[in-house]
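Engineer: predicted coordinates and the sequence they were generated for:
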Amino acid sequence: MNIVKRWQRLRDELPDGVRLVAVSKREPVEAIETLYRAGQRAFGENRARELAEKHDALPEDIEWHMIGHLQSNKVRLVAPFVTLIHGVDSLHLLEAIDGEGARVGRVIPCLLQFHVAEEESKFGLDPAGARALLESGSYANMRHARLDGVMGMATFTPNEGQVRAEFARLRELFGWLKGEFFAGEESFKELSMGMSGDYPLAVEAGSTLVRVGSALFRPGDEG
């Protein structure tokens, strides 16, 4: 099965209200162009420099998602064009995004990343850290960074019960933030969870954005 057929099958599996971010990290421009011609528009990268290079080489109407851990000193590379930054895990990073947004004259949409997995290697806030960020004076003064929802990754495990529980926890965190900090804000609506190995469980739990790479580009691999 070629990449376009895999993309069509995956797209058909996803219910209304769930968007596919094709994770194109380490993939050549030609592979992205193939999916673009088929109709895919949202692509995800985890390295700012690679994202900037691909943005310059590909059609302007692609929606670029920064899905990896973004260092504050690399925000400048993607600030002029990035559609959504998925992994905001600190006030310092959000301050950098706000500053770069002001520099280029745009509001940059972002997601708060939460740590819900057992693996210590994964980044993300805990509820106390999120509350401190949202109640800070610095956040109150931001005009060029906007929070549109939350993102998280489940533990890499064959235990579906554990994965379901972690996705349910992320959905609870989204609901808490929506009710306490973003009530009435229509833009706060995204729940980014689910990758190649677990996206069906994420969709069951209410994901609005699934980030799928190897299932599209390299079937048989994980990630």
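Structural biologist: Yep, it's here. Numbering: from 1, shown residues only.
Engineer: checking the most centrally placed residue in the chain next. Helix, strand or coil?
Structural biologist: Taking C-alpha atoms, centre = their mean, the centroid of the chain lies closest to His86, which sits 3.4 Å from it. Secondary structure, DSSP: H, G, I helix; E, B strand; the rest coil: His86 is strand.
Engineer: and the gap between it and Met66?
Structural biologist: Using C-beta to C-beta, to the nearest Å, His86 is found at 6 Å from Met66. Any C-beta I mention is one placed from the backbone N, CA and C, and that applies to glycine too.
Engineer: now for these two: what residues contact both?
Structural biologist: Gly44 (C-beta atoms under 8 Å, 6 or more residues apart in numbering).
Engineer: send the alpha carbons of the helix or strand of the chain with the lowest mean pLDDT over as CSV?
Structural biologist: Lowest by mean pLDDT, DSSP states H and E among the helices and strands of the chain is helix 214-217, with a mean of 89. These are the backbone C-alpha positions of helix 214-217, laid out as CSV (Å, rounded to 0.1, in the frame of the first residue of the first chain):
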residue,chain,number,x,y,z
SER,A,214,5.3,6.2,10.9
ALA,A,215,1.9,4.8,10.1
LEU,A,216,1.8,7.0,7.1
PHE,A,217,5.4,7.2,6.0
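Engineer: make residue 1 into 615 and carry on from there
Structural biologist: Happy to do that; since the first residue is 615 now, the last one works out to helix 828-831.
Engineer: give me the buried positions along that helix.
Structural biologist: By neighbour count on 16 or more other C-beta atoms under 10 Å, the buried set for helix 828-831 is Ala829, Leu830, Phe831.
Engineer: check contacts around the second one.
Structural biologist: So that's Leu830. Neighbour list for Leu830: Ile617, Arg620, Trp621, Leu624, Ala636, Val637, Leu649, Ser810 [criterion: C-beta under 8 Å, 6+ apart].
Engineer: quick revisit: format the buried residues of helix 828-831 as a markdown table; extra columns: distance to Gln685.
Structural biologist: Putting the buried residues of helix 828-831 into a markdown table (distance: C-beta to C-beta, whole Å) gives the following:
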| residue | distance to Gln685 |
| --- | --- |
| Ala829 | 28 |
| Leu830 | 27 |
| Phe831 | 25 |
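Engineer: tell me which of those residues is nearest to Ala819?
Structural biologist: Ala819 lies nearest to Ala829 out of these, by C-beta to C-beta, at 18.1 Å.
Engineer: wait, isn't that closest one in contact with Leu624?
Structural biologist: Yes: if you go by C-beta atoms under 8 Å, Ala829 and Leu624 touch, sitting 6.7 Å apart.
Engineer: great, nothing more from me.
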